[in-house]
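In: Predicted model and sequence below, questions to follow.
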Amino acid sequence: MRLDSSAEVRAGASHQARGDLALRRVQFAFGAARPVLGPVDLSIPAGSRLALVGPSGSGKSTLLQVLAGIQQPTAGSVEFAGAPFGSLDQDARARIRLARFGLVFQFAELVPELDLAENVELPLRILGRRVERARIAELLDRLGIARVAKRVPSQVSGGERQRAAIARAMVHDPAVVLADEPTGALDGENGRAVLALLLECSNEAGATLVVVTHDQSVADRLDRVVELRDGRVVA
Ligand SMILES: Nc1ncnc2c1ncn2[C@@H]1O[C@H](COP(=O)(O)OP(=O)(O)OP(=O)(O)O)[C@@H](O)[C@H]1O
């Protein structure tokens, strides 16, 4: 597979694009506390790539969790692919998240007992989809972890774990990829390489990408930057 992030490739991928996200007057509060988010209005067109930035505690991770349906907004609506998403019950949101979203977190969050290849295959197994060995091998190779695919997460480096987390997020061809500080635990060079892979893979899949980051160089590589302050979009 070739390395290309041109607009034509993105446009070419748009026939598969099906990952519009929209937030309308969304608020979120933990319990009875005052809202930590909102009201937020945000449209994220299918196939676009957005960085979510802002000071610590400004609500970036919370917003990502609302987008993922992990948290339900306390007011307002979240739509995915033009249909209500945030208002569905927890099980329905989880089913959609599993089938259509790929998630990448700062510390990979792989299953410690499974080797990297098994971790990558896991979404397909949970979804009851066929595990095509050749495709898994290609993905592992693409992400530079074929050599360590039979090792468990504790036997590989942080960068290798993060590459496996990206492969796991992409293996079921998601419509949306949500990443929370995906390079935050990696040094500069490793972080840049992992970010490049995340961008390439989501680009080729035509997936919508939202990345929470503190790192300006990460934000600079995405199409659009949304800045949060005290739970509101300021730029
Ligand atoms: N489980 C929780 N219960 C109560 N308050 C929480 C919880 N998680 C986060 N918060 C609060 O919600 C606000 C937003 O937190 P969030 O983690 O979304 O910010 P962030 O911008 O991602 O921060 P950081 O950059 O430090 O990760 C903060 O004030 C935080 O203290």
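Out: In hand now; what should we look at?

In: and the chain, which residues reach the ligand?
Out: Contact residues (C-beta under 6 Å from any ligand atom) of the chain with the ligand: Phe30, Val36, Gly54, Ser56, Gly57, Ser58, Gly59, Lys60, Ser61, Thr62. In this view, the C-beta of every residue, glycine as well, is placed from N, C-alpha and C.

In: Between those, which sits nearest Arg168?
Out: The closest of the residues of the chain next to the ligand to Arg168 turns out to be Ser61 (C-beta to C-beta; 19.5 Å).

In: picking up where we left off before, I'd like to know which of the residues of the chain next to the ligand are part of strands.
Out: Within those, no residue falls in strands by DSSP state E.

In: give me the element the spatially most central residue of the chain is part of.
Out: Residue closest to the average C-alpha location in the chain (C-alpha atoms, centre = their mean): Leu178, at 1.9 Å. Secondary structure from DSSP states H and E places Leu178 in strand 176-180.

In: does the residue in the chain sticking out farthest from the centre count as helix, strand or coil?
Out: Relative to the centre of the chain, the most outlying C-alpha is that of Ala32, 28.8 Å out, by C-alpha atoms, centre = their mean. Secondary structure for Ala32, judged by DSSP: H, G, I helix; E, B strand; the rest coil, is coil.

In: Quick check: next helix or strand after the lowest-mean-pLDDT helix or strand in the chain?
Out: None of the helices or strands of the chain scores lower by mean pLDDT, DSSP states H and E than helix 7-13, at a mean of 35. From helix 7-13 onward toward the C-terminus, using DSSP H and E, the following helix or strand is strand 21-28.

In: elements contacting that following strand?
Out: Counting contacts by 3 or more C-beta pairs under 8 Å, 6 or more residues apart in numbering; DSSP states H and E, strand 21-28 packs against strand 37-44, helix 60-67, strand 75-80.

In: So what touches the last one?
Out: Contacts to strand 75-80, defined as C-beta atoms under 8 Å, 6 or more residues apart in numbering, come from residues 19-27, 38-40, 66-67, 69, 84-87, 96, 100, 176.

In: likewise stretch 142-149?
Out: 1, 115-117, 137, 140, 155-156, 160, 163-164, 166-167, 193, 197, 201.

In: Does Gly82 touch Asp20 like I think?
Out: Yes. Using C-beta atoms under 8 Å, Gly82 makes contact with Asp20 at a distance of 6.1 Å.
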